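Visitor: Need coordinates for the below:
(2 chains)
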2 protein chains.
Amino acid sequence: MALQNKPVLHGYFRSSCSWRVRIALALKGIEYDQVPVNLIKDGGQQVTDQYKTLNPMQQVPALVIDGITLLQSLAIIQYIEETRPGPKLLPSDPHARAQVRMISDLIASGIQPLQNLHVLQKIGEEKVQWAQYFILRGFEALEPLLKQTAGKFCVGDEISMADLCLVPQVYNAERFKVDVSQFPTIERLNQTLTEIEAFKVSHPSCQPDTPADLRT
Amino acid sequence: MALQNKPVLHGYFRSSCSWRVRIALALKGIEYDQVPVNLIKDGGQQVTDQYKTLNPMQQVPALVIDGITLLQSLAIIQYIEETRPGPKLLPSDPHARAQVRMISDLIASGIQPLQNLHVLQKIGEEKVQWAQYFILRGFEALEPLLKQTAGKFCVGDEISMADLCLVPQVYNAERFKVDVSQFPTIERLNQTLTEIEAFKVSHPSCQPDTPADLRT
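Guide: Sure, this is the predicted structure:
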C-alpha cells in the first residue's frame, strides 16, 4: 500500500479564503503541509507560470489532496467534509444545510470577491472606501439573516461551514476599519468562535508565512 | 394533509443567478410560480422594504419553497438537489462533486459578483470595460480547467450544477461583447447545453417579465 501523503495547502497567511480551509483542516484534525504563496512580494507569486499551472485563477487557496488539486475554498471544504471523518461541517437536515450554504455563499460570493486583493488593485486609490462599502452592505444583510438562523453558532448550536466563512470575513472587516459593533449578532458569533482552538491555530497571526512584525 | 404549494421564484428574466435556478427547476421537472423583481425600473424593486424583508441582500433570486425562503442560487440548487427526485445535479463521486463545485464557485464567486448590476452601477462610466476585464480573466482560468474536467458537459458526460452556472455566464459574456470563440471548450459546452430543453425554457428571452422587444 502506498504511503498516504499529507495534503498540501497552497495559501497565504492573510487570505480569508485560505483561512476558511485552515479552520476546516484543524476542526477535522487533518495534518497538512503549507506552501506559502506571497500575494504581494515581487508583484505576487500567484501570477507565476508555476502557480498558474496549479490554479489558473491566480488565487489562493489550492489544496493538493488524494492526488488531486482542488480550488475554491467552499468546494475544498465540502470535499473534506464528504471524504473525512470528524466533526460535521454541514448539518444533516436539508433546511439547515441550505441555511449554512446560504450564509457561506453570501460571504463567499456577495462580500469577499468585492474586497479581494486583485479587485482593490484595480480600484486604486479609493480602495479602502470601496472595501468598506461592500463589507458594510454585506453585513447589513448578514445581520438579520443570522438573527434568524443563529444559536450559539451561525446556524444553530453546531459549528458549520458558515462559521468558517464568518470569522475570516470579520477579520477583513476589522482590517478595513469597519465598525463591527453595529452588528451585534455578527460580533457575538465572532467572539465565541475566535475562542475555539481550531480558529486560533489557523489564525493569520501564526502561520508559517506570517511576517515577524504581525505575529502575536 | 395540507396542499403542497408550488415554490415561488422571485427573480428577474436577465439575472444570471435567477436563470441558474430556473434551469435546476426545469431539469427536476418542478412546477413553480414566478414573481418578477424588476432590477432596473424606478431604481429597482429589489431595494424596496418589502423585498428586503425577503432578501436583505437586495438581490435575486429568492425561492420560497417548503414554507421557507432560500437565498443564494447555489444554496437553492443544492437544496433542490437534496430534497427532490429527478436527474442528479451533482455526481456521487466525491472528486467529481468537488470539480462541479469548483467550477460552479469559480463562476459564482470569481466572475459573476464582479459584473453584477450593483457593482457596475458603482463603477460608473467604465462599467463595460470593467465587466469585460473580469469575465475575460475568469474565462482564461475556466477554459484550462474545463479542458481537464469536461466530457460532453462541464464535468464528464452528465449535466451538473456547473453547467447551470456556465450557460448564464456565457450569456452575460455575450451581452458584454466578450469574444467567447477564443475559449473553444467553453464555446462547445455552451452550444451543446443551449440545445437542451431545460436551458431553452428557462432562457431570459422567454420569461413572464421579458419585455416584448427582447422576446424571441
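Visitor: Okay, A:Gln45 and chain B: tell me how far apart.
Guide: Distance of A:Gln45 to chain B, given as Cβ to the nearest Cβ, to the nearest Å: 17 Å. For glycine as for every other residue, the C-beta is placed from the backbone atoms N, C-alpha and C.
Visitor: I misspoke; the intended subject was A:Leu54.
Guide: According to Cβ to the nearest Cβ, A:Leu54 stands 11 Å off from chain B.
Visitor: Tell me who's in contact with the nearest residue to that residue once chain neighbours are set aside.
Guide: Distances taken as Cβ to Cβ, 6 or more residues apart in numbering or on different chains place A:Ala62 nearest to A:Leu54, at 5.2 Å, with adjacent residues excluded. By Cβ atoms under 8 Å, 6 or more residues apart in numbering or on different chains, A:Ala62 lies in contact with A:Leu9, A:His10, A:Gly11, A:Leu54, A:Asn55, A:Thr69, A:Leu70, A:Leu71.
Visitor: switch the cut-off to 6 Å
Guide: By Cβ atoms under 6 Å, 6 or more residues apart in numbering or on different chains, A:Ala62 lies in contact with A:His10, A:Leu54, A:Asn55, A:Thr69, A:Leu71.
Visitor: hmm, which two among those residues are most spread apart?
Guide: Of all pairs drawn from the contacts of A:Ala62, the greatest distance, 9.7 Å, lies between A:His10 and A:Leu71 (Cβ to Cβ).
Visitor: With neighbour numbers in mind, choose between these two.
Guide: A:Leu71 (26 against 22; other Cβ atoms under 10 Å in any protein chain shown).
Visitor: Show me what the helix or strand of chain A with the lowest mean pLDDT is in contact with.
Guide: The helix or strand with the lowest mean pLDDT-type score in chain A, counting by mean pLDDT, DSSP states H and E, is helix A:49-54 (a mean of 90). Contact with helix A:49-54 is made by A:Gln58, A:Ala62, A:Thr69, as judged by Cβ under 6 Å, 6+ apart.
Visitor: Out of these, the closest to chain B would be?
Guide: A:Gln58 (7.4 Å; Cβ to the nearest Cβ).
Visitor: Let me know how buried that closest one is, in neighbour terms.
Guide: A:Gln58 has 19 neighbours, counted by other Cβ under 10 Å.
Visitor: dump the residue contacts of it.
Guide: Residues near A:Gln58 by Cβ under 6 Å, 6+ apart: A:Gln46, A:Val47, A:Lys52.
Visitor: And the pLDDT at the nearest residue to the second one once chain neighbours are set aside?
Guide: Nearest non-adjacent residue to A:Val47, counting by Cβ to Cβ, 6+ apart: A:Gln58, 5.5 Å away. Confidence per residue is given as pLDDT, and for A:Gln58 that number is 92.
Visitor: And A:Tyr51, how close does it get to B:Leu114?
Guide: Here the criterion is Cβ to Cβ, to the nearest Å. By it, A:Tyr51 lies 21 Å from B:Leu114.
Visitor: Am I right that A:Leu89 is in contact with A:Glu81?
Guide: Yes: A:Leu89 is in contact with A:Glu81 according to Cβ atoms under 6 Å; the separation is 4.6 Å.
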